[in-house]
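In: let's see this in three dimensions:
(one chain, ligands or ions: 4)
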Amino acid sequence: MEKQVFDSRKRPLRDLRISVTDKCNFRCQYCMPAEIFGPDYPFLPQHKLLTFEEITRLTAIFTSLGVEKIRITGGEPLMRRNLADLIRMIRGVEGVKDIAMTTNGSLLAKHAKELKQAGLDRVTVSLDSLDDERFSKINGRGYRVEQILEGIEAASEAGLGVKINMVVQRGVNDQDILPMARYFREKKHILRFIEFMDVGNSNGWRLDQVVPSREIVSMIHSEMPLEAADPNYYGEVASRYRYVGEEGEIGLISSVTQAFCSTCTRARLSAEGKMYNCLFASSGEDLREPLREGKSDGEIRELISSIWLRRDDRYSEERLKNTPGIAKRSKVEMSHIGG
Ligand SMILES: Nc1nc2c(ncn2[C@@H]2O[C@H](COP(=O)(O)OP(=O)(O)OP(=O)(O)O)[C@@H](O)[C@H]2O)c(=O)[nH]1
Ligand SMILES: C[S@@+](CC[C@H](N)C(=O)[O-])C[C@H]1O[C@@H](n2cnc3c(N)ncnc32)[C@H](O)[C@@H]1O
Ligand code: SF4
Ligand code: SF4
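Out: Numbers count the residues shown, from 1 in each chain. Ligands and ions are numbered 1, 2, ... in the order given. Got it, this is the predicted structure:
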């Protein structure tokens, strides 16, 4: 059986990012602004969510097409009940080499051990500030930094790999860049700085709110000297920098100023079972109905393969070039497909 499928730009399908819920206990302004995601927001009802069995079956089909790396995300993935059961099921799928999860960390202290036991390899915890006042404003729900740090500690103690993601916004948390770098250098966790992106249709993005990665590197370098490091694998999202003379490193995710679409190997599966070819796609292709209609694995494999073969997405590159019409394009919400 042909194992690897390439899109129209010769990019292989390698990663599957699975959103397990569109709900979240945070209301980060840049992702789920409270004024839009309020009490009446129509979140997906349970019956529309893919079941764990359906997710596992799709994962096996995706691995037969070359996927090796799975990332569980959301919304907040730990809001989905019994998530460890899903991890255990995915761990049993042949061809899955790496299972990671992106989480806001608020429920991690409670679940880290069982997730590790179920077969999760690593977590990426999102944290945008070490200052309680700013953090509680950013998360929109008054959560405190301590709770997230406890989650990070618990994950580390449970033996999970840990990385930290910080979305940087000028005028919101750029003063936290150095304190975060110092703290996680000391803790020996890899911290990645993400350029604030124009995801979805509701986060009020402006280019002048983006702090370019170049600026972040030079700010840190002037206090803690850095040197560029090679990527760990083809298509790595983050550019790596090592602290000179140390093992520790940081990463920069520069989707705005240095788009990385040309090596993008990521497919995304929404909680309701739609496959998206890009984080900024306007629409996805439904895989849930074919599953529930009783289509065979072979038929679904054909469908997924044909979706990937047609793929031509490269939104960040187009944004960089100011492609006409790009600003008006409607996009799926980040909380829906998981970042
Ligand atoms: N524009 C764009 N941004 C992405 C893409 N993938 C990830 N990101 C952004 O980068 C952030 C970090 O992504 P992660 O999932 O932590 O990165 P990763 O490459 O899977 O991480 P590792 O496997 O640890 O290297 C995400 O939350 C997004 O904000 C992508 O394909 N396009
Ligand atoms: C959508 S969240 C889902 C997982 C989980 N709730 C969390 O926050 O880690 C995934 C990642 O996307 C990032 N993200 C959300 N909106 C973003 C934006 N506008 N620009 C850049 N990154 C964003 C978040 O910071 C987080 O690291
Ligand atoms: S970034 Fe994550 S934690 Fe924040 S609102 Fe979005 S899904 Fe929730
Ligand atoms: S913008 Fe789309 S194509 Fe480009 S790297 Fe991100 S997900 Fe991939």
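
In: how about Ala229, phi and psi?
Out: Dihedral pair for Ala229: phi -120, psi 150, per degrees, to the nearest 10.

In: cool, and the one 10 residues further on?
Out: With angles defined as degrees, to the nearest 10, Ser239 shows backbone torsions of phi -90, psi 140.

In: what pairs with Arg122 across the strands?
Out: Ala100, Gly161 (DSSP bridges).

In: now it: how far from ligand 4?
Out: 21 Å (C-beta to the nearest ligand atom, to the nearest Å). No exception for glycine: its C-beta is placed from N, CA and C like everyone else's.

In: I'd say that residue and Ala158 touch.
Out: No: if you go by C-beta atoms under 8 Å, Arg122 and Ala158 don't touch, sitting 10.8 Å apart.

In: just want to know which of the two has more residues nearby.
Out: Comparing Arg122 with Ala158 by other C-beta atoms under 10 Å, the one with more neighbours is Ala158, at 19 against 16.

In: quick one, phi psi at the more buried one?
Out: Per degrees, to the nearest 10, the backbone of Ala158 is at phi -80, psi -10.

In: what residues sit buried inside stretch 318-337?
Out: Buried residues in stretch 318-337, counted by 16 or more other C-beta atoms under 10 Å: 318-320, 331-337.

In: just checking it against ligand 2, any contact.
Out: Yes: using C-beta under 6 Å from any ligand atom, stretch 318-337 comes into contact with ligand 2 via 334-335.

In: in the stretch 1-150 of the chain, which spans are strands?
Out: With strands called from DSSP state E, counting those that start in this stretch, the stretch 1-150 of the chain shows them at 15-19, 69-73, 98-103, 122-126.

In: tell me the mean pLDDT over the longest one?
Out: Confidence over strand 98-103, taken as the mean pLDDT, stands at 98.

In: ok, the first one next?
Out: Predicted confidence along strand 15-19 averages 98 (mean pLDDT).

In: and if you look at the last one?
Out: The predicted model gives strand 122-126 an average pLDDT of 98.

In: for Met286, which non-adjacent residue is closest in space?
Out: Met isn't right for residue 286; it's Asp. Excluding its sequence neighbours, the residue lying closest to Asp286 (C-beta to C-beta, 6 or more residues apart in numbering) is Lys274, at 5.5 Å.

In: and this structure, which of its residues are near ligand 3?
Out: By the rule C-beta under 6 Å from any ligand atom, the part of the chain lying against ligand 3 is 24, 26-28, 31-32, 74-76, 104, 126, 335.

In: okay, the residues you listed in TSV with distance to ligand 4 next?
Out: Shown next, in TSV, are these (distance: C-beta to the nearest ligand atom, whole Å):
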residue	distance to ligand 4
Cys24	20
Phe26	22
Arg27	24
Cys28	19
Cys31	16
Met32	19
Gly74	17
Gly75	18
Glu76	21
Asn104	21
Ser126	17
Ser335	16
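
In: which one of the residues you listed is nearest Glu186?
Out: Ser126 (19.6 Å; C-beta to C-beta).

In: quick one, what contacts the closest residue to Phe6 other than its chain neighbours?
Out: Excluding its sequence neighbours, the residue lying closest to Phe6 (C-beta to C-beta, 6+ apart) is Pro12, at 5.4 Å. By C-beta atoms under 8 Å, 6 or more residues apart in numbering, the contact set of Pro12 is 4-6, 66, 265.

In: and Arg192, that's in a strand?
Out: Yes: counting by DSSP: H, G, I helix; E, B strand; the rest coil, Arg192 falls inside a strand.

In: my read is that it contacts Gly251, right?
Out: Yes: using C-beta under 8 Å, Arg192 is in contact with Gly251, at 3.7 Å.

In: identify the contacts common to those two.
Out: The contact sets of Arg192 and Gly251 overlap at 163, 238 (C-beta under 8 Å, 6+ apart).

In: name only those of the contacts of Pro12 that count as buried.
Out: Buried among the contacts of Pro12 by 16+ other C-beta under 10 Å: 5, 66, 265.
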